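Visitor: After the sequence you'll find the predicted model.
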Amino acid sequence: MSSFLVKLLIALTLVVSPVTDSLAAALQERPGVTVRMGKHQGFIRFVFDMPADFVEKASVTLQQNQFILVELQAPVSFRIGSGDSVSDLSSNEKTVKIGRVGEMKLKERGCIIHIDSIDDLKSFKLQAPSRLIVDAYTQADLSGIDAFGTAPRLYLIDPGHGGYDRGIPAGEKQEKDIVLSVAAELAAAVSREGGKAFLTRKSDRQLSIRERIMLARKRRPSMLVSIHLSSREGITIYSPVTGGDPAKGRGQLGSALSVQIIGLTKRMSQTLSEELRMEVRTERLPLPLLEESGVQAV
């Protein structure tokens, strides 16, 4: 069972989690801002890749010789760049470490960069490509700075059923007990891989769908994984229905993302099928837990 769970985790992490927040950003129709950091002799350079109109109207100020305030014209979705790769930040990641010398706190309309002692600050704007450059000069020890450090991915794992809701029978056991055991092992696997995991329930108790949805909205995980048994052979991955009427809690990801969502679930299915050597199906259903949790969910 542990081997299966680790393979499941790897498949979910590689295929789904890097794009979950870009989907959420698209839902909110926020422009993306990619932040990169570089260490130089005597200063740290921050590069903000963003639309030209945001660069033009951005303001940069230094306060108390330790706080750099970067203000933008409208809410944005931040991403972290490192080398040739770009990582989306989950909604629970509000602070990014800058080695041992400081941190960057992300806001809806900009960020606050905190470095203990800043001797001078320079900023300039580029048009092609459209970038805001911020150089923070400091005498602090920069030897431990290589790249941004981000918070671990947060997973909310939902063992279905519980309490008087037993689910389907599985021999001498009930579905509610089996999925709780699987969820606990999956949470342990997440921790071993450097992530964080929370369970919607840790014991045999009843939770309504509404309570599970509210937990997802409160935790704002990178991903919600709801685990159930089925009388069908193989594995079925259920994902939200895209398109439809968001006002009714249906299709909240938007029809424009339909092709992308379908592609992701297909890749996820292929990865699991190759790893586990069994049939993996994908289906889209308007399940309230998937549609209304406000996070990427399967």
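Guide: Cool, got the structure.

Visitor: and residue 106, what element?
Guide: Here residue 106, judged by DSSP states H and E, is contained in strand 102-107.

Visitor: ok, residue 81 - contacts?
Guide: Contact partners of residue 81, counting by Cβ atoms under 8 Å, 6 or more residues apart in numbering, are 34-36, 47, 49, 87. To be clear about C-beta, it is placed using only N, CA and C from the backbone, and glycine gets the same treatment.

Visitor: ok, it to residue 47 distance?
Guide: Distance of residue 81 to residue 47, computed by Cβ to Cβ, to the nearest Å: 8 Å.

Visitor: next one: residue 288
Guide: Taken as Cβ to Cβ, the span from residue 288 to residue 47 is 42 Å.

Visitor: These two: who's more crowded?
Guide: residue 47 (17 against 13; other Cβ atoms under 10 Å).

Visitor: Need the phi and psi values for the more buried one.
Guide: phi -120, psi 120 (degrees, to the nearest 10).

Visitor: pretty sure it is touching residue 133, no?
Guide: Yes - judged on Cβ atoms under 8 Å, residue 47 makes contact with residue 133 at a distance of 5.8 Å.

Visitor: and the strand holding residue 106, average pLDDT?
Guide: Strand 102-107 comes out with an average pLDDT of 88.

Visitor: Show which residues not belonging to that strand make contact with it.
Guide: By Cβ under 8 Å, 6+ apart, strand 102-107 touches 35, 46, 78, 89, 93-98, 111-116, 148.

Visitor: Would you check that residue 170 makes contact with residue 178?
Guide: Yes - with contacts counted by Cβ under 8 Å, residue 170 reaches residue 178, the gap being 5.8 Å.

Visitor: joint contacts of those two?
Guide: residue 229.

Visitor: burial measure for residue 178, as a count.
Guide: 20.

Visitor: again, but for residue 51
Guide: For residue 51, using other Cβ under 10 Å, the count is 14.

Visitor: how close does it sit to residue 159?
Guide: 43 Å.

Visitor: same check, this time on residue 45
Guide: Per Cβ to Cβ, residue 45 is found 46 Å from residue 159.

Visitor: what residue ranges in the stretch 1-150 of the chain score low on pLDDT?
Guide: In the predicted model of the stretch 1-150 of the chain, residues 1-29, 82-93, 144-150 satisfy pLDDT under 70.

Visitor: Apply 90 and report the result again.
Guide: 1-32, 34, 36-42, 76-103, 106-108, 116-117, 127-129, 139-150 (pLDDT under 90).

Visitor: Which residue ranges of it form strands?
Guide: 32-40, 43-49, 59-63, 67-71, 77-82, 85-88, 95-98, 102-107, 110-115, 120-127, 130-137 (DSSP state E, counting those that start in this stretch).

Visitor: Which parts of the fourth one count as buried, going by neighbours?
Guide: Residues of strand 67-71 classed as buried: 68, 70 (neighbour count, 16 or more other Cβ atoms under 10 Å).

Visitor: residue contacts, the closest residue to residue 65 other than its chain neighbours?
Guide: Distances taken as Cβ to Cβ, 6 or more residues apart in numbering put residue 118 closest to residue 65, at 5.2 Å, once the chain neighbours are dropped. Counting by Cβ under 8 Å, 6+ apart, residue 118 touches 62, 65-66, 68, 136-138.

Visitor: Look up how far residue 101 lies from residue 118.
Guide: From residue 118 over to residue 101 the distance is 10 Å, taken as Cβ to Cβ.

Visitor: any residues in contact with both of these two?
Guide: With Cβ under 8 Å, 6+ apart as the test, residue 118 and residue 101 both reach residue 138.

Visitor: which residues does the closest residue in space to residue 297 that isn't next to it in sequence form a beta bridge with?
Guide: Nearest in space to residue 297, with sequence neighbours left out and distances taken as Cβ to Cβ, 6+ apart, is residue 224 at 3.9 Å. For residue 224, the beta-bridge partners are residue 156, residue 297 (DSSP bridges).

Visitor: which residues touch residue 224?
Guide: Residue 224 sits in contact with 155-156, 158, 216, 289-290, 293, 295-298, where contact means Cβ under 8 Å, 6+ apart.

Visitor: switch to 7 Å and redo it
Guide: The contact partners of residue 224, taken as Cβ atoms under 7 Å, 6 or more residues apart in numbering, are 156, 158, 216, 293, 295, 297.

Visitor: that older thread, nearest to residue 202 among the strands of the stretch 1-150 of the chain would be which one?
Guide: Residue 202 sits nearest to strand 95-98 of all those, at 27.6 Å, using Cβ to Cβ.
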